[in-house]
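Enquirer: Show me how the following folds:
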Amino acid sequence: MKKGGKMVQPGALYRDLRNKTVLVTGAGSGIGFAIASAFIANFSQVIIVGRDAARLKEAGKTLGKRAHCIAFDVTEIDRLPELVTRVKSTVGEVDVLVNNAGINMKKDVLHVTNKEFQSIIQTNQTAVFALTREILRSMFARRSGSVIMISSMASRYGIPKVISYTASKSAVEGMTRALAVECAPFGIRVNCIAPGFIKTKMSSEALENDPERKHRVLARTPMARLGEPADIAHAALFLASEQSRFVTGVVLPVDGGNSIGF
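Expert: Numbers count the residues shown, from 1 in each chain. Got it, this is the predicted structure:
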């Protein structure tokens, strides 16, 4: 893209993010990949973490030399200090943590087992807390940093058949507020993004196979369309940058108005 005769890097708007070290979990595809791509466009050094080593490797190739891949399962919470050590030895201390990794399960509440419920909680809630705690150790010492959580519209209102996912994402929003208050004296901001219906491979397939549900989704979304992963990425850039330096503890819906639609 040209502007004033010069080439402009797409999304390169935040000069203060240049050379920042950003850790994004669940970054092999979808929203996580888009977030990683946006930070790289702003010349950050980005560590992408995911369980699928092959997918992560392909993502790294696409993202380029500023991307550093670490295949790791964040639900192995006792090994998270090992992950942090690997990140430090690869690119240094983390300036921005984006807790994007998460899983979902659609099932009638009476059929959800304790094991299934705990599996969702372990990934979406416990692992998020444990990794954030480990990253905060160095952020506290340096008295700077930004943590970005990824929540969901499921925490905004009741959605049937996703009880464990809803519980986990509601907890993430509560953690955001509690951490924001505790971390603020140390120069650390903690915020959260609550995506609406975003056009990823998984969501697109689900909606295309259920035309009635797709109609309901669009009917209550004032902007009358699905969001793009890039929409979440742009929100993450803002919350990580100095342009949001007086913003902490917020849960930002990025949903085309879905959560206030009628």
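Enquirer: which residues in the stretch 101-250 of the chain form helices?
Expert: Using DSSP state H, counting those that start in this stretch, the helices found in the stretch 101-250 of the chain span residues 114-121, 127-142, 163-183, 201-208, 211-219, 229-240.
Enquirer: mind listing what's buried in the longest one?
Expert: In other words, helix 163-183. By 16 or more other C-beta atoms under 10 Å, the buried positions in helix 163-183 come out as 163-173, 175-177, 179-180, 183. Every C-beta, even on glycine, is put in place using the N, C-alpha and C of the backbone.
Enquirer: ok, back up a step: which one of the helices of the stretch 101-250 of the chain lies nearest to Val74?
Expert: Set against Val74 and scored by C-beta to C-beta, the helices of the stretch 101-250 of the chain come closest in helix 127-142, at 4.4 Å.
Enquirer: Pull out the buried positions in the closest one.
Expert: Ala127, Val128, Ala130, Leu131, Thr132, Glu134, Ile135, Leu136, Ser138, Met139, Phe140.
Enquirer: Which residues are in contact with the fifth one?
Expert: Translated: Thr132. Leu97, Asn99, Val147, Met175, Leu179 (C-beta atoms under 8 Å, 6 or more residues apart in numbering).
Enquirer: give me that answer again for 7 Å
Expert: Leu97, Asn99, Val147 (C-beta atoms under 7 Å, 6 or more residues apart in numbering).
Enquirer: Ok, the third one next?
Expert: Contacts of Ala130 were listed using C-beta under 7 Å, 6+ apart, and they are Ile77, Leu80.
Enquirer: The protein: strands as residue ranges?
Expert: Along the chain, the stretches classed as strands by DSSP state E are 2-3, 6-7, 21-25, 45-50, 67-71, 96-99, 145-150, 188-195, 251-254.
Enquirer: so how far is stretch 134-146 from its chain's centroid?
Expert: For stretch 134-146, the separation from the chain centroid amounts to 18 Å (computed by C-alpha atoms, centre = their mean, to the nearest Å).
Enquirer: Also stretch 31-43?
Expert: Its chain's C-alpha centre and that of stretch 31-43 lie 11 Å apart, by C-alpha atoms, centre = their mean.
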